[in-house]
Every structure is written in C-alpha cells, then in structure tokens.
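> Please work out how this folds:
(2 chains)
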Amino acid sequence: MAKVLEGPGMGLMKKWGIHVPNYVVVTSADELAKLGQANDWMKASKLVAKAHEALGSRFKLGLVKVGLDLSGAVAATKEMIGRHVGSITVSQVIVSEMIAHKEEYYCAVKSTREGTEILVANCGGIEVESNWDRVKRLCLEVGQTPSQEPLEQLAKDAGFTGLLVKKMADFAGKMFACFDSEDAQYLEVNPVVTRESDGAFVALDAVTLLDGDAKFRHLDWNFAFAAEFGRAYSKEELEVMAVDSKIKGSVKFIEIPGGDTAMLPAGGGASVYYSDAVVARGGKLANYAEYSGDPPDWAVEVLTEKICSLPGIKNIIVGGAIANFTDVKKTFGGIINGFRKAKSDGKLRDVKIWVRRGGPREKEGLDAMRALKDEGFDINVFDRYTPLTDIVDKALQK
Amino acid sequence: MSILANKDTRVVIQGGQAGVNAARRMAEFCYLIKRPLNVEAFVYPPDAGKANEIPYGSGLLAIPIYKTIAEATKHHSTINTSLVYIGADRAMKGGMEALDDSHIKVVSMITEGVPEKDAKILGFHARKLGKVFNGPSSIGIISAGSCRLGVIGGAFDNLVLSKLYREGSFGVITKSGGLSNEIIWICSQFADGITTAIGIGGDAYPGTDYVNYLEMFENDLQTKAVVIVGEMGGDLEERAAEWYGAKKRRVKLIGVVSGFCQESLPKGMKFGHAGAKEGMKGEGSARSKSDALKKAGAIVPATFGALGPAIKETYQELLKSGQVKEIVEPVTLPKLPKTVEEAMKADEVIVAPLIRTTISDDRGDEPCYDGYPASELINKGYEIPHVIGLLWDKRLISEQEAEIIKRIMMLSADHGPCVSGAYATILAACAGIGLSQAVAAGLIMIGPRFGGAVTDAGRWFKYAVDNKMNVDEFLAYMKKNVGPVPGIGHRVKSLRNPDKRVKELVGYVKNLSIKTPCLDFALQVEQVTAAKKDNLILNVDGTMAAVLVDLGFPIDSLNGFFILSRTIGLIGHWVDQKRQDSRLIRLFDYLVNYAAPKRREVPPLK
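The predicted structure follows:
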C-alpha cells in the first residue's frame, strides 16, 4: 500500500468528478502570495493552511491553521515551511478554501477479499469514530459496479432522507469509480459536507491509499508516495531503495534508531521471524533488512555496508532459511565484500557476526564465511542443521 | 497421496527465462523420482515455434514453445496445470488465458508485484469456474515423490536431504517462499517429511488461501497434520483458525505466526511481504492470529525455534497411535549427473585439454600477455612492438628493438593500390564485400611472389650464417637446392632506382651498436647478385628478414611482420573505396589478350 498526500489525493478525486475545495500546494509564502493575486477564491473565501507532509496529529503540532484570510495564510505558510518535526522538514503547505457547511457525513471505499465495500454514515468528523455502528456497508463482488438503486438503498440505510439520498448515492458512486479506476486500496472522505452556497457534497479531508504495484498503468501518478511510518526515509534507506528499484530480486532496509542488534537476513518471511526472535530474547533491533529473489551480489554488498555503518551495534544476524533459488555463494560474496570494506574503514570493531543459511551452493557460501575468521572477523557460522533462529539465541545469550 | 499436484499433473509454463529455470529444477525432481518430465510445453510468443532445452539426467529434452495456451493444449491434451512466470504488467492476461482453457484446472502464479485488483479478479474468476488459482508471488507447489511445480524445494541436494523423493505425513502451507523449504526440511528432520507443500504467496489477497487447502488436506488421508506458517496482516490465519475450530477435524494443525516484533516497533512499519501489514485497528497482529489459532485447538509454538520440537512431538504421537509407520529409506537414489565443471571442482574427473596456450590468459579481469597485465604494460610506457614481442616471441623486448620493429611496420604499412594485396582488397571493396573478407582477400595474395618471402629469406640467410658459408658457397647451395634467393630481386627497383625503404632501414640499424650478422651477410650477397643483374638487389622483404633474425625473432614469425603491417594499408584501401562509394570494377576487353582458340562448332556428343 502506498499512501498519497492530500494534494495528489484530492487531485485524483477531482478527476473522477468528486467536488473538492479549491486548493493549492506551495513551497514558499511568496509563491502563495503570487497565486493569491491570480485566484479570486483565495481572496473571497476563508482559508485553511496545513503542512503537506506525512505527519500525524498536525493540529496539535500547530501545523493546521483555519479561518485565515490570504495574508494570514501567507503568514502561516511562512511559519510552517522549514519547521522540523522529528526527521521530517516541512517543505510544502497546502492551502484550501474553507467550505461553509452545517452537516458532516462519512464515506469510504475499501478492498476486501471478496471485492469492495462502500461505507457510508450520516455523521462525520470525530462523531463517526465514536458511533461506528452508524456506518452502513454495501458489499460488491469482484468486478461488480454498483448501480443507482443499491447505492440509494445504502444511503437510506444510513439514515439519509429526501434529496440527500440521491446526493449521497451519487457521491458514493463517484468514490467507487475513483477507487476502481485508480487502483486504490482504501479511500476515505471524512467529512463529506454540504456546501452552503449550492448544496453540493464536497470532500473536505481524504485518506488515499493506492496500490504501488499498479503504478505501471497510471502514467499520471506524477507524485511521490509518502513514507508510511510517520517519518521521512533516511539517506541510507533511500539509497537502498534506489538499488532495489534497479535489480532483479530485492533488498530492503529500514533503520530503527537506538538498537544494538543489526539484521541482515534473507527472505521476506524469515526476516520477520528473525526480528521476532531478537525481540523475544529481549534484544533491541537496530534495523529491519531483507534480501531475496537471488539479487546481484553488488546489491547485497550495498545493503551490507549500510548495516555495518549502523551506530552502536554489537551483533549482526546474517540469517536465512534454505533458499529455493537464491545462490548462497554469490549473495554471501556480496556480504563478504561489504564486511571487508567496513573492516578496512575501521568499522565492525567488537561486533560479533552470526551466520545461518542453506540453499543452492550453501557449502561454498558457508565455507567462504568461515574463512573470514582468518581475516580477524569475530564470526560464527552455522548450517541447516542449526534451527533457523538459534543464532539469535546464541548471539543474545547473556 | 497428495493434494493439488500429483503423478498425473502435466504442465504448461507461461513465460521466458524464469520459466525455463523452473523447468530445469522440475526436471531435476522428475529425475530423482524416476518419472518423465512433467513439463509438456511453454507459452512464450517471442520464441513461439522454437523449443527450450531442458537437461534431464545426462540428456537434453526439447520442450516446444507455443504462442498461446490454446495451441499448447491442442498439441498436448494432457496438460492440466499452468505455471505463470509472466511480468506483473501482463500477468493477469496470461492467468486469464490459462484459466479460460478447458484443459487447465490449476493455475499457479509465481509473478511478484501483481496489482491487488488483478489478483482479486483472477481469484474470483477461478472460483467461478471451479478451478484453483494459486498465488501470485507463489514459490510453487511440491508433492513429495510425485510432482514439483516451480522452484520450491530448492537445489537437488536439498530435495534429497529433505526426503522429497517419497511422501511423509505432513502438509505445509506458507506465505513465504523461503520458509517453505525450511519447513519441508524441518518436517523431514523432526518427522517423516511432507505430503504436499504449497506456497500461497505473501500478497494481501492470495487466490487460494489456508482454508481451501486445509479442506483439501482434510480429505487427503495420507496427510495427518498440517503446518501453516503465517505472518501479520490480513485475516487469513484467523480464518484458518475459524475453520479448524468449527468442528472436529481429522488433521492436526500446527501454526506459527511472525510479526511479534511489531509490538515494539514504530507503527505502520512495513515488513517483508505486501500482505504483511497490520490493519487499521490492531486486527491482523501476530498476537491476535496466534491467539485465534490456539483457541481453535491448534498447536502454536511460542517461537519459530520451537516449531521443530512441536512437529516432532506430533509425529511421535502419530507413531504411537499407529496412524503412521516408520519409513524405511531407499538404499540408493539417483544422483544428479554433474557438469564437467562441477566434477572437476570436486576432483572427480580429469579432462584432457583440447588446446594448450603459452602466450596469453584473459580469465581474470583483464588480458595478460605472457603473464603481464595489459593495463600495467600501458601504464609503464610499453607500446605495440612490445606486445608483438610478448605474443610472438614470449619476451619483453628492449626499447631499441621496439623502435626497429616500429620502423619496419611503418615502412611496410602500404605500397600503393597496384600491388597484388591492395588491388585484391580494392577489387573486393568495389564488389561490395565487407571489411574483414576484403582485407582477407588482400592477405591471401601474400605468398612467394608478393610480400611472403620474409620468412624464407630469413631462413636461408640464417642458414648461411649458422653454417659460416661465404657468399659464393651460399649462392651455389641455393642454386642447387632451393632456386632463386628469397629476399633478393625486385620487379621495378634496381641499383639505379634503389628502394628507399631498404636504404632507410639499413642505415638506421647499421648506426646502432648492435651485432647484425645476417644483415651484413645479406648485403654481401646483394653486392654479388646485383653485379650480375641490376635488379637483383636486397629487397624490403630480405632486409626485414635479416634484421628480424638478428633481433632473434623466430623464423616462423617473420612473415607476420609484413602481414601485420600491410593489414594497416589494406584496411585503409577498403575504407577509402567505401568512402568514395566506388563502382564495381570490370576489366576492359582491351586489357585482356584473348589467346583462346577462335569460335568453332561443337561436335556431336559421343
């Protein structure tokens, strides 16, 4: 799943006929001031300014300002741009018109195994979260498109009456069209509001999760996906991602500051069991990493260098199950090169290395690892006869 | 028995190289269990009409490639299963094509990164047709002793170590491809091995999930217990737990779930597989899955490490209750023939080399000439003549020697368009012949009458010097045993019209303080022969030959100096003609003396 920031998210909704407030995304107060001269709505309406970053609880952080006039929005933008919150620096601000409204509703579309669910409630904002039973669902089979009648029934079930039934049904239909056409995995608008000026339903705030794997058929996805865990990717993480995007197979790397057990395991499945074993043993993970699908040795070498450079590590877990087709000798060759480079750069002092692996050319690979002992590495090598996560137990034995 | 894949499974593989690699692994398994290869055909439009060669034992099988599934199943009506190795952007179309073919009952998709929407459509379509769609991102399916689909099971040695040549009592279902092998291995070490192991893939919505396969295992009496390896995210494990707890089940269920580390990690951190993501409200956590499985009565080891002992305990119970019997392993198993390289590495064979070389080796990161790395030669100031010295005479020549060779080459690089070699190249160039063939045509002219006398001249001058002959003895010997002296005589040059190239080379060499016995002797010979006839001078071939012999170059290499130098000129002539876009050359009649008999009547055939 790939999270999309509000700006591009609203752009996609607009494309499918959903009313959204007028908005601009700017990188400086000057830019906003200039846009203010050219766009009448910015002078005519009250404005909201929000930091356009993947940050939670922006309101508490003072990164959402409401009820502004243009000069107030320019001032708020000036104040927000460049602010540091954790590892994120605010570089964009989204300024949108405030929509005068009374009623708030809720609408979402989500992916399920059987197909799609459309969720509607006739309350919105924080009210819907405390009244979840008021959310009504319409379940659709894979490949099925909702017709007007069940959509209107859904709106009625959710408590809409009179003219609002058709409006909500239309809104939900457009949400579905956007969801289905844009390879979304989750779309949520909370709140949906009735614009006082013309009575139209408008999406005020949206959560958009797209399927990153479908990017190849969406040439207009010209926006970057947002980091998903409340912080920006580090330089090292981005470098590994750049390698990952270039190769057959994969290499993955996420830093976890403060840990002392570095992870260099193979396999998307085994890597998580290794992480579990570290946590179960009371260890502190310094990172998550994984390589799989028989990646080239140089890619594994890059990953190894990043891992050896993690500060304060005491152990490196080079774990792995019995590979199906990943060449153990070749991938270990990359790891060994990385280790050697790190050592000649003065790293890996007092770091113990723990190896366990099986698979094609396992003997050659494990022998090469064992030979590192002669080069002065503190390394312990185990083969398939040692159960998968036992090296973690050995490494973290007090 | 087994589920899903068995002795009757016949396969079509959709895709290119990855599919061929899988077929090779499948052939290794078929060889191990002494059954014919289960891959009948490939579908890969770019190579349609050709065949992929799949090693089987020590032989090679040619498996045909078709453009469409329909063609493949028309020619191979026993096909009932398809493996999809097509790229993520075209995988859905390929999967649909396979599902829609009436012969095919099972489609397993190996492709990773398939859009979720496509995977859901494929799964839905298969259910509607009552077929099985496995994957995407599946590592494959293997039924011990009967059928392998994909690379699951790993290398040949692992198939043997994990006892996949015969069936055991444990079913395996995993999301992770890498862990499937691990579990198969554990089942063979701590118990009697597996019946069938299935990789369902790590995506959020696999086409077929635990419940469907648990149902199949429940109906397969050979399978006594099933191991499922789950991970955080989604609700597949909860659904498996629900199935298991719903009523009394024949099979025992053993389950582990990964993702407990999530509890102490930043929220939303995405690990491993696409499906491995916790839900919005804590649903899908490792703990909730693990608890659900326990509650349903499954055996849930606390950690992955405890899985082996748990499987062992289950197996011991099955033994005790008589549900399974101890298996007697076969005494011998087929051994996979090694490639020559593998056998040599293992010191198992000696191979008589086909050729032997003593001059160069490029097996490292750059070529070495007589042991010297080319880049080091360059960086230390050595030049082309030194490379000639290394490759032709296996020695690092001096700077002075290199200078002489350079001059020889410069002097003999070309001699205008009229000489045999250049003319032949030009003729060929004008006939539209390519560079290498046209230059070869010119080189073919080099022989006893044109440029090819260097070796022979060197040979006989050396013979004379080695045998301390004087000029008269030499000329008498040559007249009696050989004929005209090679290196002496020129078509157009003479004493009055001397060859400036000869003068230049002789002058340079004689000015150096080196011994030149052959050159000295050749000049003496010239004095005698030129006195007899004006054009019997020491020609450029003879001069080069004498000098090169004096430098110590092997006799057999001497023509090489002319061939190499003149190649420069021949290439020049070809490029020159090409640049001018010259027309085809045809001899004019007036350049031919037609000395053949006049036209006459052909007599009747007798």
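> Where does the prediction get shaky in the chain?
The chain I'm using is chain A. Scanning chain A for pLDDT under 70 picks out the ranges A:1, A:227-230, A:398.
> That was the other one, I meant chain B.
For chain B (pLDDT under 70), the answer is B:266-283.
> Longest helix in it, please.
helix B:558-580 (DSSP state H).
> and it, what does it pack onto?
In terms of contacts (3 or more C-beta pairs under 8 Å, 6 or more residues apart in numbering or on different chains; DSSP states H and E), helix B:558-580 is packed against helix B:399-412, helix B:420-430, helix B:435-444, helix B:454-466, helix B:540-551. From N, CA and C alone the C-beta is placed, and that goes for glycine too.
> same thing but 10 Å
helix B:384-393, helix B:399-412, helix B:420-430, helix B:435-444, helix B:454-466, helix B:540-551 (3 or more C-beta pairs under 10 Å, 6 or more residues apart in numbering or on different chains; DSSP states H and E).
> Out of those, flag the one nearest A:Ile379.
Shortest distance between A:Ile379 and those, using C-beta to C-beta, is found for helix B:384-393: 42.9 Å.
> Name the residues that touch the closest one?
Outside of helix B:384-393, the residues within contact range by C-beta atoms under 10 Å, 6 or more residues apart in numbering or on different chains are B:359-360, B:368-372, B:374, B:377-378, B:380, B:382, B:395-399, B:401-409, B:548, B:551-554, B:556-558, B:560-561, B:564.
> how about whatever residue of chain A ends up closest to chain B, what does it touch?
Proximity of chain A to chain B (C-beta to the nearest C-beta) peaks at A:Gly269, 2.2 Å away. A:Gly269 sits next to A:290, A:292, A:321, B:139, B:174-180, B:182, B:199, B:202, B:229-231, B:258, B:271-273, B:276 when contact means C-beta under 10 Å, 6+ apart.
> And the closest residue to chain A within the stretch 451-600 of chain B, how far from B:Tyr165?
Closest residue of the stretch 451-600 of chain B to chain A, C-beta to the nearest C-beta: B:Ile571 (39.1 Å). According to C-beta to C-beta, to the nearest Å, B:Ile571 stands 62 Å off from B:Tyr165.
> same question, B:Gly451
For B:Gly451, the distance to B:Tyr165 - C-beta to C-beta - is 68 Å.
> And these two? Which one has more around it.
Set B:Gly451 next to B:Tyr165 and count neighbours by other C-beta atoms under 10 Å in any protein chain shown: B:Gly451 wins out with 23 against 19.
> Against A:Gly72, how distant is A:Glu53?
Taking C-beta to C-beta, one finds A:Glu53 at 21 Å from A:Gly72.
> coming back round to it: correct me if wrong: the residue of the stretch 451-600 of chain B closest to chain A contacts B:Ile426.
No - with contact defined as C-beta atoms under 10 Å, B:Ile571 does not reach B:Ile426; the gap is 12.0 Å.
> Run through the residues that contact the residue nearest to B:Asp209 when sequence neighbours are not counted.
Leaving out its chain neighbours, the residue that sits closest to B:Asp209 by C-beta to C-beta, 6 or more residues apart in numbering or on different chains is B:Leu236, at 4.9 Å. Counting by C-beta under 10 Å, 6+ apart, B:Leu236 touches A:113, B:173, B:175, B:200, B:204-206, B:209-211, B:228, B:230, B:275, B:284, B:289.
> name the element B:Thr73 belongs to?
helix B:69-75 (DSSP states H and E).
> Could you list the paired strands of the helix or strand that that helix is followed by along with their orientation?
Using DSSP H and E, the helix or strand that follows helix B:69-75 towards the C-terminus is strand B:81-84. Strand B:81-84 pairs in its sheet with strand B:11-14 (parallel), strand B:106-109 (parallel), by DSSP bridges.
> Pull the contacting residues for B:Val211.
B:Ile173, B:Leu236, B:Arg239, B:Ala240, B:Ala241, B:Glu242, B:Trp243, B:Tyr244.
> Can you tell me which of those residues are buried?
With burial judged by 16 or more other C-beta atoms under 10 Å in any protein chain shown, the buried subset of those is B:Ile173, B:Leu236, B:Arg239, B:Ala240, B:Ala241, B:Trp243, B:Tyr244.
> Tell me, how many residues neighbour B:Met410?
Neighbour number of B:Met410 under other C-beta under 10 Å is 13.
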